[in-house]
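K.L.:
heads up, no residue letters with this:
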């Protein structure tokens, strides 16, 4: 009798978990990603690049590594901000850096990315 109750409870729990409503993937987050979280995630990307997960091209130069790290951190924001004009050796583009960070923050909160490119124009 106890095993029958246990089986019924297990089956009920299984169906509750299986059919429980879940939050949609695009739900807005109550808070933005922090600078510390961005830095931690970027360091993980650097480690992945160093281990070879991103291929040999990402290890050819420091700037290649940086472009790959930016792509790793947020493929969507990289595509929006840098893909048409990747960083080049010696380039320091503060405006695009701010746009990229702004993109990551908005993306983390599930907000629209419309109007981000050019929002910190030079």
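P.N.:
Okay, I see it. Only a predicted model underlies this, so the values are computations on that prediction, with no experimental measurement involved.

K.L.:
what helix or strand does residue 121 sit in?
P.N.:
Using DSSP states H and E, residue 121 falls within no helix or strand.

K.L.:
With residue 103 instead?
P.N.:
Residue 103 belongs to helix 94-108, assigned by DSSP H and E.

K.L.:
For that helix, buried residues please.
P.N.:
Residues 96, 99, 100, 101, 102, 103, 104, 105, 106, 107, 108 are the ones in helix 94-108 that count as buried (16 or more other CB atoms under 10 Å). For every residue, glycine as well, the C-beta is placed using N, CA and C.

K.L.:
which residues sit against it?
P.N.:
29, 32-33, 38, 70, 73-74, 76-78, 80-82, 112-113, 116-122 (CB atoms under 8 Å, 6 or more residues apart in numbering).

K.L.:
Can you get me the start-to-end distance on stretch 70-77?
P.N.:
8 Å (CA to CA, to the nearest Å).

K.L.:
which stretches of the chain form helices?
P.N.:
All helices of the chain, identified by DSSP state H, fall at 2-19, 35-50, 62-73, 75-81, 94-108.

K.L.:
could those go into JSON lines alongside distance to residue 56 and mean pLDDT?
P.N.:
Listed next are those as JSON lines, based on distance: least, CB to CB, whole Å; pLDDT from 0 to 100:
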{"stretch": "helix 2-19", "distance to residue 56": "44", "mean pLDDT": "42"}
{"stretch": "helix 35-50", "distance to residue 56": "10", "mean pLDDT": "96"}
{"stretch": "helix 62-73", "distance to residue 56": "10", "mean pLDDT": "97"}
{"stretch": "helix 75-81", "distance to residue 56": "19", "mean pLDDT": "96"}
{"stretch": "helix 94-108", "distance to residue 56": "25", "mean pLDDT": "94"}
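
K.L.:
Out of those, the one nearest residue 88 is which?
P.N.:
helix 62-73 (6.5 Å; CB to CB).

K.L.:
Which residue would you name as the spatial centre of this protein?
P.N.:
Central residue of the chain (CA atoms, centre = their mean): residue 74, 4.3 Å from the mean position.

K.L.:
Sounds good, over and out.
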